[in-house]
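Asks: Here's my sequence, what's the structure:
(2 chains)
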Amino acid sequence: MMTSRFILAFLPELVLLAGALGLFAITVSDAGPRRARTAALGLALATIVAAVFALGAQADLFSGAYRVDAFSQWLKLVFATGFAGIVLLSGDLPDIRNEIKSEYYLFVTLSVTGLVMLVSCVDVIALIVALELSSFPLYLLVPMRRERPGQRGQLESAIKYIMFGVAANGVMFFGLSYLFGLTGTLHLPEMIIRLQPFVHSPLAIAGLGLAFCGLYYKLAVFPFHFWTPDVYQGASNETAGLIASLPKVGAVAVLVRFVSLATPDNPTIVGVLTGLAIASMCYGNLIALVQKDFKRLLGFSSIAHAGYALMGFVALSQAGFTAALYYITGYLLMILACFVVICRVSRDGTNVAIAELAGLHRRSPLLAATLLVGVFALAGIPPFVGFMAKFSLLNAALARGNLALVIVAVVNSAIAIYYYLQVVRQAVFGESNAAAAEPITLTWPTCVLCVALIVGIVALGVMPGTVIDSISNSLAGVTAGPATALLGR
Amino acid sequence: MTPPATSEGQPLLSVLIFAPLLVAAVAALLRSERLLRWWALAGTTTVALLSLRLWTGFHAGTADFQFVEHAAWIPWLKINYAVGIDGISLLLILLTTLIAPLCVLASWTYIQTRVKEFMICLLVMETAMIGVFCALDSILFFVFWESMLIPMTLLIGVWGGPRRIYASLKFFIYTMSGSIFLLVALIALRLQAGTFHIPDLMGRPYDPVFQCWIFAAFFISFAIKVPMFPFHTWLPAAHVEAPTAGSVLLASILLKMGTYGFLRFCLPITPHATRVFAPYILWLSVAAILYGAFAALAQSDLKKLVAYSSVGHMGFATFGIFALNARGLEGATLVMINHGITTGALFIAVGIIYERLHTRDLAAAAGIGKYMPVFSFFLGVFCLSSLAFPGTNSFIGEFLVLSGGFAVSKVLVACAVPGVIAAAAYNLRMLQRVAWGGTQNPGHAGLTDLNVREILALAPLLVFVFWIGLHPAPFVNAMHASVQHLLQQVGNLP
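Replies: As a prediction, the model looks like this:
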């Protein structure tokens, strides 16, 4: 009886770990990359099924270090769906050398496994292990891009990525050591309670502030953003699509757990978060204005979007966290929509300049429509999810009287429209030169992915009721923790 | 607050809002262009006929919202799906459903590429436009308001003229930056009043300074949409480059969104700020009337001429609104409807010329009246209507507006009068050139007169020119109670 409950609660992770082992077997055998791709796709679908089955599970596993609750299970479903999207988006990996394509799928799977475990970890050590498990495969994916004459940016990007990553994680661990020193526990729910008496002490604030750094890095918040545009540009299109999407959801989820440490009210932390949010928005949007490379543009825009997402944390309220999670879930769909277009428009896996999108509406109407929906959603235009999500963020921030932040966010949305429109202008209104005008034929998995993304972006924007409710309800278990626990004592 | 639905519990407004979307969804599956055109025409005509049930079921005696529907949409954010209409929105919805099939007719042969996408954009536009006039929840309003942005930008940018990309991006950036202010104002109101429901936002004792800020945010957004002088610079570009149907939609419906916004948000929600700012806005309106008229007088491009005349006409609408008295408001609403009818018809007429001559140059079009007598008849009527000739629709509207303005300031009305004279001048100049411009253009000899489709596109508008011109009572009665209520809310009822 106990084991069956355990298996159900741990089912998505088990499926992923078994799948990773299977993929490992494929990489050492001489089966081709096609087999690995099919296996990865099958694994992604199996993970979705497993995550759906495990959706209602509640359990504390591994001596309380691993909590399976509505919050984690809901996010696991998001990760599983995103995983399937990434595998579909990758196609046959045109820019990865043939002999390491199987390994590519293995690393993607391992990274997703890390993310799936990340959202359940309530013990700091387990959390760090999961965080590293999700990060290290990504460090390896970046330099796997094929070398071409005159283009060896992938190595530079990889080094930048890993150096920044390791440094940011080091800072994070340092901050966590302060928190451990103050509370004497590594168990997060326990830490929340024990931290309450000192939460306004400089040591606690320093600890919290430093502990957030590792997550800022994943989320690409200013000033931890320096890797973003270079890695987006240097990594292959498929890798950049992965780096730009799923880890951000994980970072927001973990940030929700950590920021709960600073609830209900902590002016210093709020001040820091506000400053970072404003800096990220302004920096990302202003630099994005002058970009010529589409991936670089998305890189800078992701910095701005990280700033928007931080707005939800500034409120330090459940409404704010819900808005941030809703936002980042929508962002996952929007950014995947942009990257699927990049991957398909790209010739032979090269980077895509914005000018190369010209005439996309003739070359492939479906891709043009996907790009249109994705980009307008990123710009925050209704009826797409970008609008409703940004609206709920503004609402949460205004509810806490943070007018200055809202005004900055609004001005930034207006600035962002300009560069998003440049993309639309090329793709939908522009005419291509004759040389690049041959139509793009899409395989049916790509078509399925495009249609699913469009439907998802519209549906999440028009009928977000159930999604928001499930986020909000699942958060009740995470954020209401300190207050109720304190009352209980 | 809101009375029970008067429509025997049928969700008539929702049907009207979403029927075009359904038509668009089916259109996406059709292959033949011919079939697509007929399908779009049938769909929009059905919606127009359905909307007549609003007219028959509407109780003119009350200012309450009617045909109300209410359902929870996103409970977490307290956003509801709430729709309902009063006398003012009733007329604007009927105008929208009337214009939509005419747009399909006007683009029958004009649009030859990507017919399917064009019709889908048109139908999505119709959904959003009806939605804007029905919405009683401010976020629902905003969603519909912004949903118009993408299809309209596509209409201009894909099927437009040579400078279409410049025009469409300018349109997009202008309107979007305006509506961001609108969004912040709506959220700020929600935090003050605790609701997004528009009728519940009205008549609350907000702090006067807060009102002024909200009013300013509303004003920027709506003034861009109207467009009021000096926010008008996107309009000529967008009008000139847009295809005929795009120009018609822009002129007839989209510009009305701005003035409708003034009536639905500014006056009843921020009455104090309205009274504070009204004198200045009156001056801006007079500036628009004069500027639009004299700029139109100088144009040699027919579409630009009609576009600048729109700036002037919408100046009359804002003038009437901010005169803040019954005649002014009723006149302004009539001007909105009339401008939709007359300017829409003029854009269709210019489109007809363009399809035959492939130019919109006034000199090149001179003298086509000799070969196109039926066209000249229609053009003549609409030009007279545009210059507010007695017996046509615009006369009633502008007369009411000016008499409403007279009660506020004689100086202002005196300043606006040159605009009226210039309107006569540019309309007659256009009519004289096009219809009786002599025979200096020998290439016109082969021109064919209007065919049945083109007559069908213009005739319904002609009917309304004379109907409103000679017997405006039904239209004024429909909005009378709503206007009185509005005056009560703004605190200016004698």
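Asks: quick one, what contacts the closest residue to residue A:325 other than its chain neighbours?
Replies: What sits nearest to residue A:325 in space, not counting adjacent residues and going by C-beta to C-beta, 6 or more residues apart in numbering or on different chains, is residue A:471, at 5.0 Å. Where you see a C-beta, it was placed from the backbone N, CA and C, and this is true even at glycine. With contact taken as C-beta atoms under 8 Å, 6 or more residues apart in numbering or on different chains, residue A:471 is in contact with A:74, A:322, A:325-326, A:329.
Asks: Assumed residue A:107 was part of a strand.
Replies: No: counting by DSSP: H, G, I helix; E, B strand; the rest coil, residue A:107 is not found in a strand; it is helix.
Asks: For it, grab the count of nearby residues.
Replies: Per other C-beta atoms under 10 Å in any protein chain shown, the neighbour tally for residue A:107 reads 22.
Asks: isn't there a helix covering the residue nearest to residue A:325?
Replies: Yes: per three-state DSSP, residue A:471 lies within a helix segment.
Asks: Let me see the ranges of the strands in chain B.
Replies: For chain B, the strands defined by DSSP state E occupy B:66-74, B:79-85.
Asks: Then the stretch 1-150 of chain A?
Replies: Remark: strands assigned in the stretch 1-150 of chain A by DSSP state E, counting those that start in this stretch are A:59-61, A:66-68.
Asks: Identify all contacting residues around the last one.
Replies: With contacts defined as C-beta under 8 Å, 6+ apart, strand A:66-68 is touched by A:9-10, A:54, A:57-61, A:117, A:120-123, A:126.
Asks: Could you provide those in CSV, with additional columns for neighbour count and distance to residue B:172?
Replies: Formatted as CSV, these follow (neighbours: other C-beta atoms under 10 Å in any protein chain shown; distance: C-beta to C-beta, whole Å):
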residue, neighbour count, distance to residue B:172
A:9, 24, 49
A:10, 21, 49
A:54, 23, 44
A:57, 20, 47
A:58, 12, 48
A:59, 17, 50
A:60, 15, 52
A:61, 15, 51
A:117, 25, 44
A:120, 28, 44
A:121, 22, 45
A:122, 23, 46
A:123, 22, 50
A:126, 20, 48
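Asks: For the closest residue to chain A within the stretch 301-450 of chain B, list the residues it contacts.
Replies: As assessed by C-beta to the nearest C-beta, chain A sits closest to residue B:303 within the stretch 301-450 of chain B, at 19.9 Å. Under the criterion of C-beta under 8 Å, 6+ apart, the neighbours of residue B:303 are B:239-240, B:247, B:347, B:350, B:360.
Asks: how about a cut-off of 7 Å?
Replies: The neighbourhood of residue B:303, defined by C-beta atoms under 7 Å, 6 or more residues apart in numbering or on different chains, consists of B:239-240, B:247, B:350, B:360.
Asks: Below-threshold pLDDT in the chain: ranges please.
Replies: Assuming you mean chain A. A:1-2, A:149-152, A:263-264, A:433-436, A:479-489 (pLDDT under 70).
Asks: if you could check chain B rather than the one you did, that'd help
Replies: B:1-9, B:439-440, B:492-494.
Asks: Output the longest helix belonging to it.
Replies: Longest helix in chain B by number of residues, with DSSP state H as the criterion: helix B:326-357.
Asks: if we can go back for a sec, and of the contacts of strand A:66-68, the nearest to chain B?
Replies: Lowest distance from chain B to the contacts of strand A:66-68 (C-beta to the nearest C-beta) belongs to residue A:58, with 22.7 Å.
Asks: what's the burial count for residue A:437?
Replies: The number of residues packed near residue A:437 is 12, by other C-beta under 10 Å.
Asks: again, but for the one 5 residues further on
Replies: Each residue near residue A:442 was counted by other C-beta under 10 Å, and the total is 17.
Asks: gap between residue A:234 and chain B?
Replies: From residue A:234 over to chain B the distance is 31 Å, taken as C-beta to the nearest C-beta, to the nearest Å.
Asks: elements contacting the longest helix that chain A contains?
Replies: In chain A, taking DSSP H as the definition, the longest helix is helix A:153-183. Helices and strands touching helix A:153-183, as assessed by 3 or more C-beta pairs under 7 Å, 6 or more residues apart in numbering or on different chains; DSSP states H and E, comprise helix A:124-141, helix A:188-195, helix A:202-219, helix A:227-234.
Asks: run the last query once more with 10 Å
Replies: helix A:124-141, helix A:188-195, helix A:202-219, helix A:227-234, helix A:237-259 (3 or more C-beta pairs under 10 Å, 6 or more residues apart in numbering or on different chains; DSSP states H and E).
Asks: Tell me which helix or strand the residue nearest to residue A:341 when sequence neighbours are not counted sits in.
Replies: Nearest residue to residue A:341, sequence neighbours excluded (C-beta to C-beta, 6+ apart): residue A:371, at 4.5 Å. Using DSSP states H and E, residue A:371 maps to helix A:365-379.
Asks: next one: the next helix or strand after that helix to chain centre, how far?
Replies: Next helix or strand after helix A:365-379 toward the C-terminus (DSSP H and E): helix A:385-399. In this view, helix A:385-399 has its centroid 18 Å away from the chain centroid, taken as C-alpha atoms, centre = their mean, to the nearest Å.
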